[in-house]
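S.K.: Predicted model follows, preceded by the sequence.
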Amino acid sequence: MICTLLAFYSLFSRSMAEARERTFIMIKPDGVQRGLVGKIIKRFEQKGFKLVALKFMWPSEELLKKHYADLAGKPFFPGLVKYMSSGPVVPMVWEGLNVVKTGRVLLGATNPADSAPGTIRGDLCIQVGRNICHGSDAVESAKKEIDLWFTEKEVVSWQQANNAWVYED
Ligand code: DAT
Ligand code: MG
């Protein structure tokens, strides 16, 4: 009996821990300028993911160079930093089961020419240099990006009222 309870508890706590995965999503300057903020946020909300941090800010080149540090050697890097620092952005943290991977699926392929219809990029943009949104590509990079863009206090832990209707356990 105790074993059954323990097994059940460990299963339950594991699935709850998995549901607390976090990813860093950002609406880029073109997404803001084109009035797509609400639309992009809506995709994540409707899916069932939980918003745990959000702000509106004009990022510095310095911050963007850190954010895209692993692309520093690419020929498009200077243009990328210029574009990303050309206006305000909406950095966010979303939480949920497999949210890093599923977040990328919701965004669509990096190059909108290859993004499937129904995805954010597939529906709302055309060129890779104006692809309106960013999403972390792995759990580890998500942690780094969240720490880069948000302080610990800005990320809010809370219980979503509809949780039991989004997850079966
Ligand atoms: P993603 O944003 O899907 O994670 P990435 O990390 O490879 O893609 O690149 C970061 C951003 O850099 C991408 O969203 C748009 C820009 N970018 C990537 N490849 C590019 C290219 N070949 N030409 C111009 N911009 C590019
Ligand atoms: Mg990337």
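M.R.: Arrived safely. The shown structure was predicted, so the numbers you read here are calculated from the model rather than taken from an experiment. Ligands and ions are numbered 1, 2, ... in the order given.

S.K.: Just the buried residues of stretch 77-89, please?
M.R.: 80-81, 83-85, 89 (16 or more other Cβ atoms under 10 Å). Every residue, glycine included, has its C-beta placed from N, CA and C.

S.K.: Return the member of the residues you listed nearest to ligand 1.
M.R.: Closest approach between the buried residues of stretch 77-89 and ligand 1, by Cβ to the nearest ligand atom: residue 80, at 4.9 Å.

S.K.: Just read off the phi/psi values of the closest one.
M.R.: Main-chain torsions, residue 80, degrees, to the nearest 10: phi -60, psi -50.

S.K.: quick one, phi psi at the nearest residue to residue 149 once chain neighbours are set aside?
M.R.: For residue 149, ignoring the flanking residues on the chain, the nearest one in space by Cβ to Cβ, 6 or more residues apart in numbering is residue 91 at 4.5 Å. Per-residue torsions, residue 91: phi -80, psi 140 (degrees, to the nearest 10).

S.K.: residue contacts, residue 91?
M.R.: Contacts for residue 91 were tallied using Cβ atoms under 8 Å, 6 or more residues apart in numbering; they are 24-26, 53-55, 57, 59, 149-150.

S.K.: switch the cut-off to 10 Å
M.R.: By Cβ atoms under 10 Å, 6 or more residues apart in numbering, residue 91 lies in contact with 24-27, 53-57, 59, 63, 67, 134, 145-146, 148-150, 154.

S.K.: which residues in this structure form helices?
M.R.: Assigned by DSSP state H, the helices in the chain fall at 2-18, 29-33, 37-47, 61-67, 77-84, 99-107, 120-124, 139-149, 163-166.

S.K.: Ligand 1: which of those helices is closest?
M.R.: Nearest of those to ligand 1, taken as Cβ to the nearest ligand atom: helix 77-84 at 4.9 Å.
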